[in-house]
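output the structure for:
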Amino acid sequence: MKINLIAVGKKMPDWISHGIEHYKKQLPKNYNFTITALESQSRKSISADNTKSLEEKLILDAASGSTLLIAFDELGKQQTSKELSRSIQKWQLDGESVAMIIGGADGLSLELKQKCNLTWSLSDLTLTHSMARLLIVEQLYRGHSLLNNHPYHRS
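Presented below is the predicted three-dimensional model:
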């Protein structure tokens, strides 16, 4: 199994980076987990739709070779931690190469969302892109702990 978190955005605050590193270190090596950070495209001279189109190309390049694309979008389906752990278990069994995608400030293009296998939402709350990254990495670790009966997750 391979998981690549592809995130468009600006540089993250140090405390977010430290949090992400904390959880990444706790993930097992067989997760083959990476984060691909893509720079936001400037909107100064182009429209939001053109920005999303440019970012779409960068995201798809970063996701090439992935067998499962998951877009994060405010209109997506929310997952419980237990549902995510079952997804991780399935990905492991199927040997999936998963690309989890966080778009830029304007979100993801409709065309990119249509190319994704799944669309998930992290919360009904509005989150910064850096907070979304941290939340995803923490939930991947939580999913791992659930699958291994580790006491990190309490029901």
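
could you pull out the strands in this structure for me?
2-9, 33-39, 68-78, 97-102, 118-121 (DSSP state E).

neighbouring strands - and their directions - for the third one?
Read it as strand 68-78. Sheet pairing of strand 68-78 (DSSP bridges) gives strand 97-102 (parallel), strand 118-121 (parallel).

how near is the residue of the chain most remote from its centre to Ser109?
Within the chain, the residue lying farthest from the chain centre (CA atoms, centre = their mean) is Ser45, at 28.2 Å. Distance from Ser45 to Ser109, counting by CB to CB, to the nearest Å: 18 Å. In short, each C-beta sits where N, CA and C put it, glycine included.

ok so, going back, can I get the strands of the chain in TSV with mean neighbour count and mean pLDDT?
Shown next, in TSV, are the strands of the chain (neighbours: other CB atoms under 10 Å; pLDDT from 0 to 100):
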stretch	mean neighbour count	mean pLDDT
strand 2-9	22	96
strand 33-39	16	95
strand 68-78	17	96
strand 97-102	25	98
strand 118-121	16	98
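
before we move on, back to that, just read off the phi/psi values of the residue farthest from the centre of the chain.
Backbone torsions of Ser45, given as degrees, to the nearest 10, read phi -120, psi 0.

ok, now Asn149?
Main-chain torsions, Asn149, degrees, to the nearest 10: phi 50, psi 30.
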